[in-house]
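>>> here is a sequence with its predicted model. Questions after.
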Amino acid sequence: MTAHARQRLDRTDIGILNQLQQNARITNAELARAVNLSPTPCFNRVRALEKAGLFKQHVTLLNPEALGLSINVFIQVSLEKQIKDALARFEQAISERPEVMECYLMTGDADYLLRVVLPDVAALERFILERLTKMPGVSNIRSSFALKQVRYKTALPLPASGLTLPDQNADEAEWT
C-alpha cells in the first residue's frame, strides 16, 4: 500500500481488530475461529493490518488498585502564556512524570487536562507542590478526585460494516 493509497477494511478486518482490542494475546488459531477464517489467511490479514499502521502498540493493562494506586485525579493546568515554546516546555516536563497517565491540550478555561494515578493523598500533595508548581509557566492548578470509575475502556469504536481508511494527507476519516 502506498502512502497515498486508501484501504477498505471489511467486516472480517473489523472483527479481527475488535478481537485484538479485547485480547492482544489471543492465538492466531483462536482469532481465526472467532472471525471464521482459516489460520493462514487470518495471519496474513493481521500482518497487513499491522503494516497499514493500525496497531499503535501492544500492552498489558495492569490493575492500579492491586498495585496500591488507588487515587485517580484529574488536574486542570493553566499556563501563564499559551505560546509555542511555553506549551512545548510544559509538555516535555509532564511527559517525564510517570504518574501522569494522560495529558490533553484543551480548549476552554484550562490549557491542559491531566489524569494522574497515585497511591494516596500525600503523594498527590508532593506531586503538586514539588513537581507541578515548579514546572515553568504554570499559573493555575485545579484538581478533581474521581470517586468511582464508572467506565474505562481502551477499545476504539469500529463500524461493524467496515470503513475506508483515510488518506495519509486527508484531514478527516471517511466513516462508512
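Alright, I've got the coordinates. Numbers count the residues shown, from 1 in each chain.

>>> and the residue most central in space within the chain, how far is that from residue 148?
For the chain, the residue lying nearest the average C-alpha position, counting by C-alpha atoms, centre = their mean, turns out to be residue 154 (7.1 Å). From residue 154 across to residue 148, the span is 19 Å (C-beta to C-beta, to the nearest Å). Quick note: C-beta positions are derived from backbone N, CA and C, even for glycine.

>>> same question, residue 47
Counting by C-beta to C-beta, the gap between residue 47 and residue 148 amounts to 41 Å.

>>> for the protein, just list every one of the helices.
Here the chain has its helices, by DSSP state H, at 11-22, 28-34, 39-51, 84-95, 121-126.

>>> how is this structure partitioned into domains?
According to automatic domain parsing, the chain comprises the domains 8-59, 65-145.

>>> hang on, the earlier thing: could you find the closest non-adjacent residue to the residue nearest to the centre of the chain?
residue 61 (6.6 Å; C-beta to C-beta, 6 or more residues apart in numbering).

>>> can you check residue 91 too?
Take residue 91 and drop its neighbours on the chain: the residue closest to it by C-beta to C-beta, 6+ apart is residue 103, 7.2 Å away.

>>> quick check: that neighbour vs residue 94, distance?
With distances taken as C-beta to C-beta, residue 103 is found 5 Å from residue 94.

>>> any common contacting residues for the two?
Common neighbours of residue 103 and residue 94 (criterion: C-beta atoms under 8 Å, 6 or more residues apart in numbering): 112, 114.

>>> any idea which helix or strand of this protein has the worst average confidence?
Evaluated with mean pLDDT, DSSP states H and E, the helix-and-strand set of the chain has its lowest mean pLDDT in strand 163-164, which scores a mean of 90.
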